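Undergrad: Okay, sequence plus prediction incoming.
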Amino acid sequence: MKRSYKNPILGPTGDTWQKEACFNPNVIKHASKYVMVYRAMSKKMDYHGVNLNLSTIGKAESQDGLEFKDRQQLIKPEFKWEEYGCEDPRICKIEDDFFIFYTALSSYPPKAEGIRLAVAISSDLKTIKEKHLVTPFNAKAGTLFPQKVNGKYAMILTADTDNPPAKVAVAYFSKLEEIWSERYWRNWYKEREKYEINLTRLNTDQVEVGSGPVMTKDGWLLVYAHIQNYYEKEKRIFGIEAVLLDKDNPQKILARTVGPLLAPEMEYEKKGQVENVIFPSGALLENDTLKVYYGATDTFSAVAETSLSELLKSMESNPVKEVFKLKKYKKNPILETRSNNTWETKAVFNPTVAYEDKKFYLIYRALDKDNVSRLGCAVSKDGFNFYWRLEDPIYVPRMDFEQRKNLNNYSGCEDPRVTKIGDRFYICYTAYDGFNPPRVALSWIKSKDLLNHDWLWSKPILISPPDIDNKNACLFPEKINGRYLLLHRVGGKDIAIDWLDDLGHFDGANWLEKEAAISPRPNSWDGKKIGIAGPPIKTPRGWLLLYHGVSDVDHQYRVGMMLLDLADPAQVLSRSQYPILEPTEIFEKEGLVPNVVFPCGMTLVDKTLFVYYGGADKVICVATADIDELLKNL
């Protein structure tokens, strides 16, 4: 986007009510003039018993959309629900009236429940004839679509802005009076997920409506604010993005920008009340020119423009529309600790799965109060409800290399991955004594013994070399070109790949090496390190491998996917740009290790992919996907 050479087009003046800032402008063209409404901030004042900068809404006019004059205060607090300020207006004309939506503050210091959406209605843009509180819940950045959608008035708004994650959503009304109906909104809020437009890429994004929707021949163009790394204030990146929505179903994304159209660069965008902030608040389309009005550093108003046709062409070339995510089971977590079993009192997590005889055998890591890991088992017929959970562990530390040697550290058998080859289930797990670096161990059990719950595991052997950290290992479920294939992570960063002529290769002299590797992607959600989730699944297009990635920005554990070549799995055919699973629920964000989703197993039953994962190293959860839909997004 090209910034106007006249930027900033509006700033503070000597007037008391707009002495501190004039920002977040919204512009409408009316009677051959450009009318701007904007947030004005006063100098510090004593107001209703507190000392604050009071926000009100100003109005200015222009002949060219750049030089605005004749400023006046249009909206100021009058009612209890807006007592402490009126912020961030958006204007649209519906029938004969102008509807100015704004953020109303009813508390100070502001609290989420006192930050709500309101509307002021004017017939002439000189006086306000009525005002209403719109939402009874926390919301901002709302406005009406400039024309009806499927015969109904339509609104776009941002709910839960101050109880993140924020949700951009739509609402429909049969009559205008429903816009401020508390009953309507309480019912809407209960089902708000039904009305969401999924604009986030990562769970750490914050998105908010910017401009009102602009009608184009291809659909509704929405310019919006996309804030990366929102939960780490010093790492936030404010950007202006755009999305094209279906004209009859605005929840359907047709195209979107790859990244920010604009980010803070200029002095007025970097230095002000809040540094390094730009926030879109208005858009105007004239012929092929799209003007985007925005606030800069919560101090100034500015404008930038671009060619609409070029913008749409660029957006349509982006293969990612709505970011694909696995569907989390609503009744997660599916397994939690049991206080009556000493071996699983502290945590149960990081499960693998074996699907055999139409049953799901979940083999999971369990932690006792002394931080010793053993493996437990639970059985399900539907993959969600585990009707039988064994009282005793099915696998315990047996060898010296997994016995506790440091009383102040973890030890035992960790993070299993199970692969069926022939009539055996092979298990790779992390063997750790709490003193030496963790290593990969291999054992197996016959299928009939697993079905009979006879836990006759073979004697485990170490397959990774001494003195080197190695974990996250599994066997491929079949030989490729006559050779076994094993994935692991050596040195704690890459997914390593080794080919084996036979599984008797490991004799105490030969170890896993690193014949090939798949690496992290710097400055990304998987930029610090990656490791496999569960054993890959064969599909007609390639080997489907899910993997966990740790961010080099926020250090969260997320899950992505990739397709590996059927004949040469060292060749990555495609890899998801964004994670398909990330910590969003309280039991994924809070636990022994916060902000972790960590799968060790998945299985395909008919067309449903079941992915089992640990949440925050504390509980066990499941997520699913239709395999065809998933592959469509790779």
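TA: Alright, I've got the coordinates.

Undergrad: Pretty sure residue 187 sits in a helix.
TA: Yes. If the criterion is DSSP: H, G, I helix; E, B strand; the rest coil, then residue 187 is within a helix.

Undergrad: Distance check, it against residue 139.
TA: 15 Å (C-beta to C-beta, to the nearest Å). For glycine as for every other residue, the C-beta is placed from the backbone atoms N, C-alpha and C.

Undergrad: Now do the residue nearest to residue 476 when sequence neighbours are not counted: how many residues are near it, please.
TA: Leaving aside its sequence neighbours, residue 476 sits nearest to residue 485 (C-beta to C-beta, 6 or more residues apart in numbering; 4.1 Å). For residue 485, the neighbour count with other C-beta atoms under 10 Å is 23.

Undergrad: Look at residue 485 and give its secondary structure.
TA: strand.

Undergrad: Can you name the residues that contact it?
TA: By C-beta atoms under 8 Å, 6 or more residues apart in numbering, the residues touching residue 485 are 475, 476, 479, 497, 498, 499, 500, 569.

Undergrad: ok, 7 Å please
TA: Counting by C-beta atoms under 7 Å, 6 or more residues apart in numbering, residue 485 touches 476, 497, 499, 569.

Undergrad: is it possible to export the residues you listed to a markdown table including secondary structure, distance to residue 340 and neighbour count?
TA: Compiled in a markdown table, the contacts of residue 485 are given as follows (DSSP: H, G, I helix; E, B strand; the rest coil; distance: C-beta to C-beta, whole Å; neighbours: other C-beta atoms under 10 Å):
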| residue | secondary structure | distance to residue 340 | neighbour count |
| --- | --- | --- | --- |
| 476 | coil | 39 | 22 |
| 497 | strand | 43 | 21 |
| 499 | strand | 46 | 19 |
| 569 | coil | 44 | 22 |
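
Undergrad: out of these, who's nearest residue 464?
TA: Minimum distance to residue 464 across these is 13.6 Å, recorded for residue 497 (C-beta to C-beta).

Undergrad: ok, and the closest non-adjacent residue to that closest one?
TA: residue 516 (4.2 Å).

Undergrad: Kindly tell me how buried the one you found is, as a neighbour count.
TA: Residue 516: 15 neighbours (other C-beta under 10 Å).

Undergrad: before we move on, what about the one 10 residues further on?
TA: Using other C-beta under 10 Å as the criterion, residue 526 is surrounded by 24 other residues.

Undergrad: Leaving out chain neighbours, which residue sits closest to it?
TA: In space, residue 526 is closest to residue 549, 2.6 Å off (C-beta to C-beta, 6+ apart).

Undergrad: Name the next helix or strand downstream of the longest strand belonging to the chain, please.
TA: As assigned by DSSP state E, the longest strand anywhere in the chain is strand 33-47. Downstream of strand 33-47, the next assigned helix or strand under DSSP states H and E is strand 50-62.

Undergrad: Can you point out the buried residues in that following strand?
TA: 52, 53, 54, 55, 56, 57, 58, 59, 60, 61, 62 (16 or more other C-beta atoms under 10 Å).

Undergrad: tell me the angle of it relative to strand 33-47?
TA: Between strand 50-62 and strand 33-47, the angle comes out at 170 degrees (axes from the mean of the first three to the mean of the last three C-alpha atoms, to 10 degrees).
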